[in-house]
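**Student:** have a look; sequence and predicted model below, questions after that.
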Amino acid sequence: MRFFGAKITRHRTLPFAGGFSAEAVAWRERIGTNNGTISDAKLAIIDNNFFKPALANGNILNQLDRLNIYAGLSGFQVAANTNLISSSFYVTPVSSPAFTNNGYATNGTSYLNLNYKLFSNGVKFQKDNNSFGAMILSPAFAVDFLRVMGSRDITGAGITALIRGNGNLLNANSTNSYSTNSVAAYLPLSGWTLIASQRSNSSNFKSIINTNEININTSSGGSAINNLDTFELTVNGVGTPDGSYDTRPHGASFHGSASLDIQAIRTLLFNTITALLV
Amino acid sequence: MPSISKVQTLTGSQVALTAFGTNGLILINSTAVALSFVVNGGDVASLPSGQGVELDVNNANQITVSGTGSVSYIVRT
């Protein structure tokens, strides 16, 4: 029997064998495609603490272009490099950053190439409608500036990047300069900490440090987004790493839209990493 | 290698930043008012209070800054 003109109006995720969600099974298949593996035990932890709560939330998985969980996956590096959201944007470690149960950390000159270009790859991520950030283990701010993640075009136009240090979080989001936010009121930060940026329109964006959301008003609005690969543990400065590599371990990172429930994803990532590390 | 933070006291006139190495810098306006700065004697640019700008320059270039108070700059390493 053949059907013509049939239209699927609803989609519902069905449970798969072993009790894994379809999203978890699809991620495991992508890990296999990338010539890696993940144990059922690790997959179950990620499914129970991330995929299934994210599906129940109804927001998280629909508002992301990419999400990688690096922490708690020692022995499963390909899984850490494999995007949980789609088959695109496999992360490439450059110059061998340390990969441990705490995720990735620089060895002084090493970093991650996310293989994700804001302009050409961003679907949920748009110039005036975006979120991006990372979970960092106990990020210090009484240090010289360290580059968390991002990219910037020539002469500083089109910067989308986060830098921490000297008591400040520097946040550029589709702008040509950084806004400086003092973080003294939020210190000390211990354990897995979300450092993020979220822009919901042309004239306002936020710096986010865990549950603290700092509003930034820019009279000039956004300028542009670049089309360079986004780097993590440093910033891609016109095609090469800007240095000032982030010395603290990164446990996860993501890019998505401004509709992303930033506090919900923080909670899910915190819970997931914590459970993976037990 | 981490970046290196430096501070320059401003006098109201254009003051040259020194020793910013070979890999550029971030100029940060931590004063309460806008600063102006010039790269290689070119056009005067304004940097609002609380903003930082990334400059792809090396020690063969010259950057001058005018304003009151002090300005910090972070040498890229």
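**Tutor:** On my side now, so go ahead. Small disclaimer: the values here were computed from a predicted structure and weren't measured.
**Student:** element containing the residue nearest to the spatial centre of chain B?
**Tutor:** The C-alpha lying nearest the average C-alpha coordinate of chain B belongs to B:L27 (C-alpha atoms, centre = their mean; 4.0 Å). Assigning secondary structure by DSSP states H and E places B:L27 in strand B:25-28.
**Student:** try A:L55
**Tutor:** helix A:52-57.
**Student:** can you list the residues that contact the helix or strand that that helix is followed by?
**Tutor:** Downstream of helix A:52-57, the next assigned helix or strand under DSSP H and E is strand A:64-69. Strand A:64-69 is contacted from outside by A:46, A:50, A:80-86, A:88-89, A:91, A:114, A:116, A:121-125, A:251-257, A:260, A:269, A:272-273, A:276, using C-beta atoms under 8 Å, 6 or more residues apart in numbering or on different chains. Just so you know, the C-beta spots here come from the backbone N, C-alpha and C atoms, and that holds for glycine as well.
**Student:** what is the neighbour count of A:A44?
**Tutor:** Using other C-beta atoms under 10 Å in any protein chain shown, A:A44 has 15 neighbouring residues.
**Student:** that one falls within a helix, correct?
**Tutor:** Yes. A:A44 forms part of a helix when assessed by DSSP: H, G, I helix; E, B strand; the rest coil.
**Student:** got the contact list for the nearest residue to it once chain neighbours are set aside?
**Tutor:** The shortest distance from A:A44 to any non-neighbouring residue, by C-beta to C-beta, 6 or more residues apart in numbering or on different chains, is to A:F20 (7.3 Å). Contacts for A:F20 (C-beta under 8 Å, 6+ apart) come out as A:R28, A:L43, A:A44, A:D47.
**Student:** can you turn the buried part of the residues you listed into a PyMOL selection?
**Tutor:** Buried members of the contacts of A:F20 can be picked out in PyMOL with the line below, counting by 16 or more other C-beta atoms under 10 Å in any protein chain shown:
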select buried, chain A and resi 28+43+47
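**Student:** ok, which pair from the contacts of A:F20 is furthest apart?
**Tutor:** A:R28 and A:A44 (10.9 Å; C-beta to C-beta).
**Student:** run a quick neighbour tally on A:F51.
**Tutor:** A:F51 has 25 neighbours, counted by other C-beta under 10 Å.
**Student:** repeat for the one 5 residues further on
**Tutor:** Summarising burial for A:A56: neighbours were counted as other C-beta under 10 Å, giving 9.
**Student:** relative to chain B, how far out is it?
**Tutor:** When distance is defined by C-beta to the nearest C-beta, to the nearest Å, A:A56 is 40 Å away from chain B.
**Student:** same check, this time on A:L84
**Tutor:** From A:L84 to chain B the distance is 31 Å (C-beta to the nearest C-beta).
**Student:** for that residue, helix, strand, or coil?
**Tutor:** coil.
**Student:** right, and it touches A:W27 too?
**Tutor:** Yes. Using C-beta atoms under 8 Å, A:L84 makes contact with A:W27 at a distance of 5.4 Å.
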